[in-house]
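Q: What follows is a predicted structure for the sequence shown.
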Amino acid sequence: MNNFVWPIRVYYEDTDMGGRVYYANYLKFMERARTESLRDKGIEQIELKQQHNLIFVIRQVTIDYLKPAFFNDLLNVTVNVTKLGKASMTMTQQVLRESDILCQAVVKIAAVDVVSQRPKAIPLDMVKMLNI
């Protein structure tokens, strides 16, 4: 999944009292982009849960806020799978306004069994779809 890009418009509800995008909303933007990047590869998370008893949970996020975004900005959120383990993956993400990097993050994700809440191997067909 190399350099998937998801456009997002900043709405008034995304901003704080100072008119900037509220810091936690960057995480929401990134979550939406990760979901759409999987969907673009034919991976539906609801099907993973229903057919494989598998969900993805965030294990760690390291994030750098570099520049603010503001109401009505059109942003692009990128997603790159940089590491794929048996029951985990690491994605790097950026939020950009044109070519300006506003925010960047490294997101570590664990694949977990719905019932036991223990790590579970990512299905082989999905690994092939991610093909990093």
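A: Thanks, I have it. Numbers count the residues shown, from 1 in each chain.

Q: all contacts plus neighbour counts: C-alpha atoms, from now on.
A: Fine.

Q: The helix of greatest length in the chain packs against which elements?
A: For the chain, the helix reaching the highest residue count under DSSP state H is reported as helix 23-40. Under the contact criterion of 3 or more CA pairs under 8 Å, 6 or more residues apart in numbering; DSSP states H and E, helix 23-40 touches strand 4-9, strand 74-84, strand 88-97.

Q: okay, the residue most central in space within the chain: pLDDT?
A: The geometric centre of the chain, computed from its C-alpha atoms, lies nearest to residue 34 (CA atoms, centre = their mean), at 3.1 Å. For residue 34, the pLDDT comes out at 97.

Q: measure residue 100 to residue 127 for me?
A: For residue 100, the distance to residue 127 equals 32 Å [CA to CA, to the nearest Å].

Q: before we move on, what about residue 33?
A: Residue 33 sits 19 Å away from residue 127, taking CA to CA as the criterion.

Q: Which one's more surrounded, these two?
A: Here residue 33 and residue 127 are compared on neighbour count by other CA atoms under 10 Å; more neighbours surround residue 33, at 22 against 14.

Q: Go ahead and confirm residue 119 touches residue 109.
A: No - counting by CA atoms under 8 Å, residue 119 stays clear of residue 109, with 10.6 Å between them.

Q: circling back to that earlier point, for the helices and strands packed on helix 23-40, which one sits closest to residue 65?
A: strand 88-97 (9.5 Å; CA to CA).

Q: helices or strands next to the following helix or strand past that closest one in the packing?
A: If you walk from strand 88-97 toward the C-terminus, the next helix or strand you reach (DSSP states H and E) is strand 100-113. Here strand 100-113 is seen to pack against strand 54-65, strand 88-97 when contacts are counted using 3+ CA pairs under 8 Å, 6+ apart.
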